[in-house]
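Visitor: quick one, fold the following:
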Amino acid sequence: MGKEVSESCVESLLTEIVSSYCNRFYANKPELAARRIEAIGYQVGHQLAERYTVERPRFTDHLEAIKFICKDFWSELFKKQIDNLKTNHRGTFVLQDNKFRWLSRMTVDPLSDNSSSVQDPVAMAENRAAQATGMYLYFPCGIIRGALSNLGIPCAVSADISNLPACSFVVRIKA
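Guide: Just a heads-up that it's a prediction; the model follows:
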């Protein structure tokens, strides 16, 4: 496309959005912060899908639209395609990105946990990783949901972190 934004600017903006909504605006209401972050992503995805499909014919089925998201849309956003697409052919799609760019610089500090309870260190590390990255994934979930909504596909999108920076986005088409 014609205009691009520096990747570091987008990452900084995402960091500030998450920080502002989680630590200032809705510090005591993480579920509300998550909804607001996802709503911002929805608007971004909706507008990007409009821009990227302006000269394309409408998609004829869900699978065609999901493939567009995995190939063309993802390539525009992240300079690479989704690594793997799985479906149950009943309205659920799993988009796997083995090196999700927005998580590639995230780390978990093993010393940041101040709890005195005895737990499995691996489980503690996984829990911290999930908490640290969870809020950052509401934005791309919103982007996917907004893009698919623009393409006429109402859906719900969630994210799973398997192993940083790998990430799976689960798209459930609404009937």
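Visitor: let's verify the residue lying closest to Glu11 once chain neighbours are set aside: helix, strand, or coil?
Guide: Ranked by C-beta to C-beta, 6 or more residues apart in numbering and with sequence neighbours excluded, the top spatial neighbour of Glu11 is Trp102, at 6.3 Å. To be clear about C-beta, it is placed using only N, CA and C from the backbone, and glycine gets the same treatment. Per DSSP: H, G, I helix; E, B strand; the rest coil, the local secondary structure of Trp102 is helix.
Visitor: just checking, Trp102 touches Met135?
Guide: No. The pair Trp102 / Met135 is not scored as a contact, 11.6 Å apart, by C-beta atoms under 8 Å.
Visitor: got a list of contacts for the helix-or-strand element of the chain with minimal mean pLDDT?
Guide: Taking mean pLDDT, DSSP states H and E as the measure, the helix or strand of the chain with the lowest value is helix 7-20, at a mean of 74. Outside helix 7-20, the residues that touch it by C-beta atoms under 8 Å, 6 or more residues apart in numbering are Ile37, Ile40, Arg101, Trp102, Arg105, Met135, Tyr136, Phe139.
Visitor: any idea of the pLDDT on the fifth one?
Guide: Think Arg105. Predicted confidence (pLDDT) for Arg105: 69.
Visitor: returning to what we had before: redo the contacts of helix 7-20 as a markdown table? Include neighbour count and secondary structure.
Guide: As requested, those are exported to a markdown table (neighbours: other C-beta atoms under 10 Å; DSSP: H, G, I helix; E, B strand; the rest coil):
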| residue | neighbour count | secondary structure |
| --- | --- | --- |
| Ile37 | 24 | helix |
| Ile40 | 18 | helix |
| Arg101 | 17 | helix |
| Trp102 | 21 | helix |
| Arg105 | 11 | coil |
| Met135 | 19 | helix |
| Tyr136 | 22 | helix |
| Phe139 | 24 | helix |
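Visitor: dead centre of the protein: give me the residue that sits there.
Guide: Pro140 (2.6 Å; C-alpha atoms, centre = their mean).
Visitor: just the pLDDT for that one.
Guide: For Pro140, pLDDT reads 94.
Visitor: contacting residues around it?
Guide: Contact partners of Pro140, counting by C-beta under 8 Å, 6+ apart, are Gly41, Phe100, Trp102, Ala159, Phe169.
Visitor: do Ala166 as well
Guide: Each residue near Ala166 by C-beta under 8 Å, 6+ apart is listed here: Gln96, Asp97, Asn98, Lys99, Phe100.
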